[in-house]
Structures are given as structure tokens and as C-alpha cells.
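In: got a predicted model here, sequence first, then my questions.
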Amino acid sequence: DVIWIEGAAPEEEALDRLAFSYALVQCVRLARVESHAETTLDAMRGFSHLLAETGNANFITLREVNQHIGKVMQLREFNLDADIVETPDFFWEDSARESLYQQLHRELEIDGRIGALNRKLMYAHESLQNINSVVVNKHSTRLESRILLFVAFEACLDAAHLP
């Protein structure tokens with residue numbers, strides 16, 4: 001796409017370009033986050049199918065689940081990046097340029113893309129939390145079984161030493 005800014009005095013044109021630049025920077029930074037998110041989410045695709053098919057979470061360890069949760073949490077931190085989610089401070093002093101910025105912001109669908117990305121990341125986080133619960137339960141059950149075996153073994157040893 002090509003954006004033409006014309007008809008303004010050179011000083012005004014420079015400020016108009018700056019307003020457009022802010023929106024374009026947000027778009028590019030958001031696209032970078034979206035790309036990282038897609039890579040991360042692609043690595044997790046199929047987890048729900050594996051869980052549904054096998055009925056267990058043997059396909060992933062607790063450590064791997066926690067690593068995926070950490071990656072999703074890192075991706076969600078883009079919401080704290082003022083350069084992506086907030087209107088730049090520049091427009092507090094120049095409301096005339098803010099309308100140009102908002103126009104391109106709407107055209108690039110930045111708010112909609114942020115919302116869609118947040119929904120994807122929220123879904124991924126919730127799915128990972130569910131898988132984490134399954135893995136933790138599996139680990140707890142295995143640990144409890146080992147404790148019961150140890151207690152039974154100890155009882156057998158005690159019974160063998162009775163006079």
C-alpha cells in the first residue's frame with residue numbers, strides 16, 4: 001500500500017508523517033508479536049487432540065507444560081508495552097494529528113488485532129492450565145502409589161521380623 005500525504009505546508013506535512021509513523025510502528029511491532037505468537041501456538045497445536053485420543057498426558061512433561069505456560073505469559077506481556085497498546089504522548093500536545101493517527105490506527109485494525117491476539121493467548125493459557133492439571137494429577141497419583149508400595153514393603157519387613 002502507498003500512503004500519500006500532500007497539500008500541507010512542509011512543517012505540517014512532517015507532523016502528519018510523524019502521526020502516520022506512530023501508527024505504522026505500532027502495526028509493525030504488533031505484527032512481530034503476532035508472528036512470535038503463531039510460532040509458539042503452532043508448537044502447542046494438537047495437545048488437546050492427543051489428550052482426547054489417549055486420555056492421558058504422557059506426551060508432555062510437567063517441565064514442558066510450564067515452559068509453554070511461561071512462553072504464553074511472555075507473549076501476553078505485549079499488553080504492557082505502551083508503544084503497542086497506547087496512543088503516543090505526542091498526541092496530547094497535537095490533537096489535530098491525533099485524528100490522522102486514529103484513522104490509520106483503525107485502517108490497520110490494530111485494536112481488533114490486539115483483541116484477537118489476546119483471545120488466542122488466553123485460550124492457549126487456559127488449555128495449558130488444564131493440561132498442567134492433568135500432568136500434576138498424574139504425577140501425584142504416581143507419587144501416592146509409590147508411597148503405598150513403600151508402606152506395604154515396610155509392613156512386610158516388619159511382619160517378617162515378628163517372633
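Out: Here it is on my side, so go on.
In: which helices and strands does the helix or strand of the chain with the lowest mean pLDDT pack with?
Out: When the helices and strands of the chain are scored by mean pLDDT, DSSP states H and E, helix 90-93 comes last with a mean of 84. Using 3 or more C-beta pairs under 8 Å, 6 or more residues apart in numbering; DSSP states H and E, the elements in contact with helix 90-93 are helix 10-44, helix 95-107. Bear in mind the C-beta positions are built from the backbone N, C-alpha and C, glycine included.
In: any idea how far apart the tips of stretch 82-101 sit?
Out: Stretch 82-101 has its terminal residues 15 Å apart, counting by C-alpha to C-alpha, to the nearest Å.
In: in that stretch, what's buried?
Out: 84-85, 88, 91, 97-98, 100-101 (16 or more other C-beta atoms under 10 Å).
In: how far does the longest helix along the chain sit from its chain's centre?
Out: When the chain is parsed with DSSP state H, its longest helix is helix 110-160. Centroid displacement of helix 110-160 relative to its chain, using C-alpha atoms, centre = their mean, to the nearest Å, is 21 Å.
In: tilt between it and helix 95-107?
Out: 60 degrees (axes from the mean of the first three to the mean of the last three C-alpha atoms, to 10 degrees).
In: quick one, helix 110-160 and helix 10-44 angle?
Out: Compare the direction of helix 110-160 with that of helix 10-44 by the same axes, to 10 degrees and you get 30 degrees.
In: residue 118: which of the helices and strands packed on helix 90-93 is closest?
Out: Nearest to residue 118 among those is helix 10-44; the distance by C-beta to C-beta comes to 10.0 Å.
In: just the C-alphas of the next helix or strand after that closest one, formatted as PDB.
Out: Following helix 10-44 in sequence order, the next helix or strand is helix 47-54 (DSSP states H and E). Written as PDB, here are the backbone C-alpha positions of helix 47-54 (Å, rounded to 0.1, in the frame of the first residue of the first chain):
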ATOM      1  CA  PHE A  47      -2.200 -31.100  22.600                       C
ATOM      2  CA  SER A  48      -5.900 -31.200  23.000                       C
ATOM      3  CA  HIS A  49      -6.200 -33.900  20.300                       C
ATOM      4  CA  LEU A  50      -3.500 -36.000  22.000                       C
ATOM      5  CA  LEU A  51      -5.200 -35.700  25.300                       C
ATOM      6  CA  ALA A  52      -8.600 -36.600  23.800                       C
ATOM      7  CA  GLU A  53      -7.200 -39.600  22.000                       C
ATOM      8  CA  THR A  54      -5.000 -41.100  24.700                       C
END
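In: in helix 47-54, which residues are buried?
Out: For helix 47-54, by 16+ other C-beta under 10 Å, it's 47, 51.
In: lovely, talk soon.
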